[in-house]
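Participant: based on what follows, work out the 3D shape:
(2 chains)
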Amino acid sequence: RKEVEQDPGPFNVPEGATVAFNCTYSNSASQSFFWYRQDCRKEPKLLMSVYSSGNEDGRFTAQLNRASQYISLLIRDSKLSDSATYLCVVTRGSNYKLTFGKGTLLTVNP
Amino acid sequence: DAGVTQSPTHLIKTRGQHVTLRCSPISGHKSVSWYQQVLGQGPQFIFQYYEKEERGRGNFPDRFSARQFPNYSSELNVNALLLGDSALYLCASSFWQGAYEQYFGPGTRLTVT
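Facilitator: Purely as a prediction, here's the structure:
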């Protein structure tokens, strides 16, 4: 079983839609969680960290359920510029190593 | 301020050759990590260096090696290239070893023919 698994996608949604990405992790010792965004043929960029209490940044909301070992990302009012691959990332303790999921491709259509 | 820089941008090599990829971290960052991203997959951790010492190694063969220089720049070396080594090689820098916020460079796209 892979350490981080994401929805396979791809997702194609119209502008203004709400879209949710799901991610599960297998190692219960995982302690830090992130969503990264990667545009086509570009480097990954940190979108947001994910906290147990949930956190929101504008149109983006991230949730963590430690009991279910589940992470989610919700994008409201999708924009064309949200088109990218969204990568779920976990780390363990003070471990420097980022463990990435495979990524889910989102295309927002006009 | 300049971000993480990597060179070269693209590289084409033949099976059996070796390659050296270079990375300069953000000024003031002392940690450099290397990741391999095969098409259609998420990045996979190769190495981390902090203060010129290897602090972590991923599940890669000994053909992969790296080092960090006194100015905190880093090199990734791959010997005896295989077709399967074709990938985007990403360098990420952070201020210290345990910093989760890692900043990625644009990557080096390696094609092995």
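
Participant: run a quick neighbour tally on residue 109.
Facilitator: Defaulting to chain A. When neighbours are defined as other Cβ atoms under 10 Å in any protein chain shown, A:Asn109 has 11 of them. For the C-beta atoms, the positions are set from N, CA and C on the backbone; glycine is no exception.

Participant: actually chain B
Facilitator: 16.

Participant: what's the separation between it and chain A?
Facilitator: Using Cβ to the nearest Cβ, to the nearest Å, B:Arg109 is found at 8 Å from chain A.

Participant: what's the host helix or strand of that residue in contact with?
Facilitator: In this assignment (DSSP states H and E), B:Arg109 forms part of strand B:108-112. Identification of contacts with strand B:108-112 by Cβ atoms under 8 Å, 6 or more residues apart in numbering or on different chains yields B:6-15, B:19, B:21, B:78, B:81-89.

Participant: show me what from chain A comes close to chain B.
Facilitator: Contacts of chain A with chain B, taken as Cβ under 8 Å from any Cβ of the partner chain, map to A:4, A:32, A:34, A:42-46, A:49, A:87, A:91, A:94-103.

Participant: any idea what the closest residue to chain B within chain A is bridged to?
Facilitator: Here chain A gets closest to chain B at one residue, A:Phe100, 3.2 Å apart by Cβ to the nearest Cβ. Going by DSSP bridges, A:Phe100 is paired in beta bridges with A:Val89.

Participant: what about stretch A:90-104, how long is it end to end?
Facilitator: Counting by Cα to Cα, to the nearest Å, you get 16 Å between the two ends of stretch A:90-104.

Participant: list the buried residues of that stretch.
Facilitator: A:90-92, A:95-104 (16 or more other Cβ atoms under 10 Å in any protein chain shown).

Participant: nearest residue to B:Gln44 other than its sequence neighbours?
Facilitator: B:Gln36 (5.2 Å; Cβ to Cβ, 6 or more residues apart in numbering or on different chains).

Participant: returning to that earlier point: pull the most distant pair out of the buried residues of stretch A:90-104.
Facilitator: Farthest apart among the buried residues of stretch A:90-104 by Cβ to Cβ are A:Tyr96 and A:Thr104. That separation is 24.7 Å.

Participant: check contacts around the residue of chain B found nearest chain A.
Facilitator: Nearest residue of chain B to chain A (Cβ to the nearest Cβ) works out as B:Gly42 at 3.2 Å. Taking Cβ under 8 Å, 6+ apart, we find B:Gly42 in contact with A:Val4, A:Leu87, A:Phe100, A:Gly101, A:Lys102, A:Gly103.

Participant: low-confidence stretches in chain B?
Facilitator: Regions of chain B meeting the criterion pLDDT under 70 cover residues B:1, B:97-99.

Participant: which parts of it are helices?
Facilitator: Using DSSP state H, no helices are found in chain B.

Participant: so for it, the centremost residue is which one?
Facilitator: Closest residue to the average C-alpha location of chain B: B:Trp34 at 3.3 Å, with Cα atoms, centre = their mean.

Participant: quick one, strands of chain B?
Facilitator: B:5-7, B:10-13, B:19-24, B:31-37, B:44-50, B:53-57, B:64-68, B:74-78, B:87-94, B:103-104, B:108-112 (DSSP state E).
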